[in-house]
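Participant: can't give you the sequence, but here's the structure:
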């Protein structure tokens, strides 16, 4: 099946919605704490060295998330499902198409 036809299937669209939602979740997990630290730095609670460490730590976490989302699609979909707490909540509101095998 061509990529164009595959991308129009319900299965592909469901997987893409899964990937998009999980991507948003993971990036927010990494970037929101840094945002909060910037707010603390701006208000004088944290110093420059604290921010240097926070940026360094966030960079390492960014690399991990980047590597996760550059995997082949089929593997990425399986890996996302392994985050059971997140996946169970997401799939409640986003059930897979009929006949789609989870896991």
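Facilitator: Okay, I see it. Everything quoted here is computed from the prediction, not taken from an experiment. Residues are numbered from 1 along each chain as shown.
Participant: Any stretches of the protein with poor pLDDT?
Facilitator: For the chain, the stretches with pLDDT under 70 are 1-4.
Participant: center of it - which residue?
Facilitator: Taking CA atoms, centre = their mean as the criterion, residue 23 is the residue nearest the geometric centre of the chain, at 2.5 Å.
Participant: Helix, strand or coil: sort out it for me.
Facilitator: Per DSSP: H, G, I helix; E, B strand; the rest coil, the local secondary structure of residue 23 is helix.
Participant: pretty sure it contacts residue 70?
Facilitator: No - using CB atoms under 8 Å as the test, residue 23 is too far from residue 70 to be in contact (11.4 Å). From N, CA and C alone the C-beta is placed, and that goes for glycine too.
Participant: Leaving out chain neighbours, which residue sits closest to the residue nearest to the centre of the chain?
Facilitator: If the residues on either side of it in the chain are set aside, residue 23 comes closest to residue 69, at 6.0 Å by CB to CB, 6 or more residues apart in numbering.
Participant: Let me see the contact set for the one you found.
Facilitator: Counting by CB atoms under 8 Å, 6 or more residues apart in numbering, residue 69 makes contact with 19, 23, 26, 76.
Participant: Tell me the one of those nearest residue 93?
Facilitator: Residue 93 lies nearest to residue 19 out of these, by CB to CB, at 15.8 Å.
Participant: okay, now that closest one: neighbour count?
Facilitator: 15 (other CB atoms under 10 Å).
Participant: Sort out which residues of the one helix or strand it maps to are buried, please.
Facilitator: Under DSSP states H and E, the secondary-structure element containing residue 19 is helix 10-42. Buried residues in helix 10-42, counting neighbours by 16 or more other CB atoms under 10 Å, are found at 12, 14-15, 18, 21-22, 26, 30, 34, 37.
Participant: which is the next helix or strand following it?
Facilitator: By DSSP H and E, the next helix or strand past helix 10-42 is helix 48-68.
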